[in-house]
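Participant: how does the following fold in three dimensions:
(one chain, ligands or ions: 1)
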Amino acid sequence: MKIDLDKILSNFYEEAQGVKIPRDIDQLRIKYLGRRNGFLVRVTQEIPKLPVSKRRGIGSKVTEVRSAIERVLADKTKTESEKIRPDVDVTTPGKKTDVGSLHPLTLVIEEVKAIFHYLGFSWVDGPEVDSDLYNFQKLNMPPDHPARDVQQTYYINTDTLLRTHTSNMQVRYLETHQPPVRVLFPGRAYRRDMPDATHLPSFYQLEGLLVDATTSMTDLLGSLDYFAKKFFGEKSKIRIYGHNFPYTEPSIEVEVFHPEKGWIEILGAGMVHPNVLKNGKIDQDKFRGWAFGMGLDRLAMIKYGIHDIRVLYKNDLRFLTQF
Ligand code: PHE
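Facilitator: Sure, this is the predicted structure:
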């Protein structure tokens with residue numbers, strides 16, 4: 001075989017002229033540079049067969065031709081990819097994508113959890129449809145107890161109801177966990193309330209429960225004060241006064257000071273009643289506990305300056321996108 005690299009190159013130039021689309025460019029590349037059967041490979045295979053006198057310089061000539069071909073092919077791919085979409089203006093600003101955000105109630109739940117997590121609390125979910133037993137009886141409210149206020153409860157049947165508070169988790173949790181207990185129960189609760197700016201039949205609460213050998217009322221007060229300062233700001237103030245819940249003794253209610261609205265009640269709390277500890281199979285000679293239950297909708301309303309609880313559940317984007 002006669003080796004004529006100049007001829008190969010000029011053939012290539014000729015062939016390359018009409019070639020435009022990527023597939024044809026590839027084919028051209030294979031034809032000339034292909035590793036198995038490309039023209040240049042075949043030439044290289046012939047070199048050893050040449051008389052020594054004719055071999056000189058042929059290696060570098062092959063390299064020269066190869067890079068000339070590569071240059072042309074690379075050039076073609078470049079111009080082709082630009083030509084494919086001549087209408088594309090790469091300087092046009094991009095389209096903006098809407099990004100979602102967390103619901104204000106979710107933000108509040110996560111923040112309260114984070115604050116109490118720092119004090120050693122974890123959290124668990126609980127059933128919203130529950131028995132009269134856990135929602136009332138085991139919390140020291142027998143069937144005829146005045147605090148049940150039947151008007152307010154959604155009964156499914158005589159034994160089953162929609163929980164009226166997250167306190168339904170107290171005994172349920174104690175029955176299956178030994179002290180020390182430090183746990184939060186966030187979730188929905190239900191009461192037969194007429195909807196207005198401050199009431200809805202479904203709302204959110206967050207319960208806290210601590211049972212330990214050495215705890216006392218001062219731990220409860222200190223923890224709640226710590227919570228208020230973290231959640232509403234270091235300058236915020238709480239005040240406490242006596243109250244009555246059948247499942248705590250003594251019981252308190254806590255108010256936080258709001259610059260526009262004055263004192264607002266945010267939670268009920270107290271030392272866990274001995275009967276509740278007993279129902280939870282806790283040894284009363286060794287352990288005591290405290291509990292609190294806060295209204296999360298109210299916390300969100302105070303924190304974000306929301307005047308009507310109903311906007312929290314309307315899914316109006318004009319409201320939601322502010323968070
Ligand atoms: N369950 C009470 C309520 O719904 C709050 C509370 C929880 C009070 C725990 C004392 C202890 O108002």
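
Participant: use CA for all of it now, contacts and neighbours both
Facilitator: OK.

Participant: show me where the stretch 1-150 of the chain has helices.
Facilitator: For the stretch 1-150 of the chain, applying DSSP state H, counting those that start in this stretch gives helices covering 5-17, 22-33, 39-46, 52-55, 58-84, 104-117, 132-135.

Participant: tell me which of the ones you listed lies nearest to the ligand.
Facilitator: Among the helices of the stretch 1-150 of the chain, the nearest to the ligand by C-alpha to the nearest ligand atom is helix 132-135 (9.4 Å).

Participant: buried residues in stretch 59-77?
Facilitator: Buried residues in stretch 59-77, counting neighbours by 16 or more other C-alpha atoms under 10 Å, are found at 62, 65-66, 69, 72-73, 76-77.

Participant: actually stretch 203-221, sorry about that
Facilitator: Within stretch 203-221, the residues that count as buried by 16+ other C-alpha under 10 Å are 203-212, 220-221.

Participant: next step: the residues you listed restricted to strands.
Facilitator: 203-212 (DSSP state E).

Participant: tell me the one among the residues you listed nearest to Tyr173.
Facilitator: Distance to Tyr173, by C-alpha to C-alpha, is smallest for Leu209 among those, at 9.4 Å.

Participant: and the residue nearest to that closest one when sequence neighbours are not counted, how many residues sit next to it?
Facilitator: Excluding the flanking residues, the one nearest Leu209 by C-alpha to C-alpha, 6 or more residues apart in numbering is Ala291, at 4.5 Å. The tally of other residues near Ala291 (other C-alpha atoms under 10 Å) stands at 24.

Participant: and the helix or strand that contains Ala291, how far out from the chain's middle?
Facilitator: Using DSSP states H and E, Ala291 maps to strand 288-295. Remark: strand 288-295 is offset 27 Å from the chain centroid, using C-alpha atoms, centre = their mean, to the nearest Å.

Participant: neighbours of the closest residue to the ligand within the stretch 101-250 of the chain, how many?
Facilitator: Across the stretch 101-250 of the chain, no residue is closer to the ligand than His165, which sits at 4.7 Å (C-alpha to the nearest ligand atom). Neighbour count of His165, defined by other C-alpha under 10 Å: 23.

Participant: dump the residue contacts of the residue lying closest to it once chain neighbours are set aside.
Facilitator: The spatially closest residue to His165, leaving aside those adjacent along the chain, is Ala189, at 5.2 Å (C-alpha to C-alpha, 6+ apart). For Ala189, the contacting residues are 128, 162-166, 202-205, by C-alpha atoms under 8 Å, 6 or more residues apart in numbering.
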